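> only geometry, no sequence info:
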């Protein structure tokens, strides 16, 4: 997938459709948004676990002594 994207960007640049700085800037913005989304998903999962620990929810069959 990354190689396809890189090839598309190279063709756009070589064909004169856009300048190289615009291609790099768009790529940087995309990667930054992707990184922020992934970090947000991680924080959401962590907070979900914390909330469930606080209210005492444990998965069925879980060793509660080990979860503390």
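Cool, got the structure. The model shown is predicted, which means the values in this text are computed figures rather than measured ones.

> residue nearest the centroid of the chain?
Of all residues in the chain, the one closest to the mean position by CA atoms, centre = their mean is residue 38, 2.5 Å from it.

> Next, find the distance separating that residue from residue 30.
According to CB to CB, to the nearest Å, residue 38 and residue 30 sit 13 Å apart. Quick note: C-beta positions are derived from backbone N, CA and C, even for glycine.

> one step back: SS state for the residue nearest to the centre of the chain?
Under DSSP: H, G, I helix; E, B strand; the rest coil, the three-state class of residue 38 is helix.

> Find the residue closest to residue 23 in space, skipping its chain neighbours.
Leaving aside its chain neighbours, residue 23 sits nearest to residue 9 (4.9 Å; criterion: CB to CB, 6 or more residues apart in numbering).

> What is the neighbour count of that neighbour?
Number of residues near residue 9 (other CB atoms under 10 Å) recorded here: 17.

> That one sits in which helix or strand?
Using DSSP states H and E, residue 9 sits within helix 2-14.

> Spell out the secondary structure type for residue 58.
Three-state call for residue 58 (three-state DSSP): coil.

> Report whether the expected contact of residue 20 with residue 13 is present.
Yes. Residue 20 is within contact range of residue 13, at 5.4 Å (criterion: CB atoms under 8 Å).

> When those two are compared, which one has more neighbours?
Using other CB under 10 Å, the more surrounded residue of residue 20 and residue 13 is residue 13, with 16 against 12.

> And the pLDDT at the more buried one?
Per-residue confidence (pLDDT) for residue 13: 70.

> And for the one 5 residues further on?
The model reports residue 18 with a pLDDT of 72.
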